[in-house]
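**Q** The sequence and its predicted three-dimensional model are supplied below.
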Amino acid sequence: MPKGKVVKEAGKIVAKGLRKAGKSDIGKKAKLGAGAVATERATDVLDNPYISAAEGAIIGGAVGGVPGAIAGGLIGFVLADGERITPIDMIAIPAYQYSAMLQGREPTFQIFIKEGELIAPVTQTDYMESVQVVDMLDAVKTKPKRKLSAWHKYIKNKKNQVFFKSGKKKGQLNLKKMGQNYRRGKK
């Protein structure tokens, strides 16, 4: 789902939740603030699905209660899956060293990511795995074709087919006559 659609959906959820809060001046300000936060979050933190899901759930829960939290969490999680193009030059550090870096210590190694480079997941995300499972279930549902019985092979053969020549059933297969011929031929 493109970011713009997500922002619109988040705005709708925010607006719906705040309608219940009333049309006071505080409600209007909260609506604008929540919309701004939702927009910023939807376009800013898209790299980690768990962080995105948590932030979406927090924003959705604050605005729309439990349904808002569920919708926000799902939207945040789905948006974080897949490839990302870096909008600016970035420096990546190991996640376990982030707190040490905040305290002023230098990380053991850093990776420079140039603007416009594509960041793709190395392992499959939960969303990608679930799509594969659904595809496998669809493939399993198709049953193998059963082998034709001798009777079905006999009916299928054009030279064995007997048709009604007159009456209400003119032009249809005369299965009774074909059955007699089939049983006669087996003896």
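**A** Arrived safely, thanks for sending.
**Q** can we go C-alpha only for contacts and neighbour counts from here?
**A** Will do.
**Q** Tell me the first helix or strand C-terminal of the helix or strand containing residue 100.
**A** Residue 100 is part of helix 98-102, with elements assigned from DSSP states H and E. Next along the chain after helix 98-102, taking DSSP H and E as the criterion, comes strand 111-113.
**Q** Quick one: residues in contact with that following strand.
**A** 86, 89-93 (CA atoms under 8 Å, 6 or more residues apart in numbering).
**Q** wait, which of those is closest to residue 157?
**A** Of all the contacts of strand 111-113, residue 157 sits closest to residue 86, with 65.0 Å by CA to CA.
**Q** returning to what we had before: can you flag the buried ones in the contacts of strand 111-113?
**A** Neighbour counting over these (16 or more other CA atoms under 10 Å) leaves residue 93 as the buried ones.
**Q** how about the contacts of strand 111-113 in TSV, adding secondary structure, pLDDT and distance to residue 114?
**A** Listed next are those as TSV, based on DSSP: H, G, I helix; E, B strand; the rest coil; pLDDT from 0 to 100; distance: CA to CA, whole Å:
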residue	secondary structure	pLDDT	distance to residue 114
86	coil	76	7
89	coil	85	5
90	strand	81	7
91	strand	82	9
92	strand	82	11
93	coil	83	14
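**Q** of the contacts of strand 111-113, closest to residue 181?
**A** Of the contacts of strand 111-113, the one sitting nearest to residue 181 (CA to CA) turns out to be residue 86, at 76.1 Å.
**Q** That closest one contacts residue 119, correct?
**A** Yes - between residue 86 and residue 119 a contact is recorded at 7.3 Å, counting by CA atoms under 8 Å.
**Q** Worst mean pLDDT across the helices and strands of the protein, which element?
**A** The helix or strand of the chain with the lowest confidence, counting by mean pLDDT, DSSP states H and E, is helix 25-44 at a mean of 55.
**Q** quick revisit: quickly check the contacts of strand 111-113 for the two that are furthest apart.
**A** 86 and 93 (15.1 Å).
**Q** Look up how far residue 70 lies from the closest residue to residue 92 other than its chain neighbours.
**A** Leaving aside its sequence neighbours, residue 92 sits nearest to residue 111 (CA to CA, 6 or more residues apart in numbering; 5.0 Å). Taking CA to CA, to the nearest Å as the measure, residue 111 falls 35 Å from residue 70.
**Q** Between those two, tell me which one has more neighbours.
**A** Neighbour tally, residue 111 and residue 70, criterion other CA atoms under 10 Å: the higher count belongs to residue 70, 19 against 10.
**Q** and the more buried one, which of the three is it?
**A** The three-state assignment at residue 70 reads helix, by DSSP: H, G, I helix; E, B strand; the rest coil.
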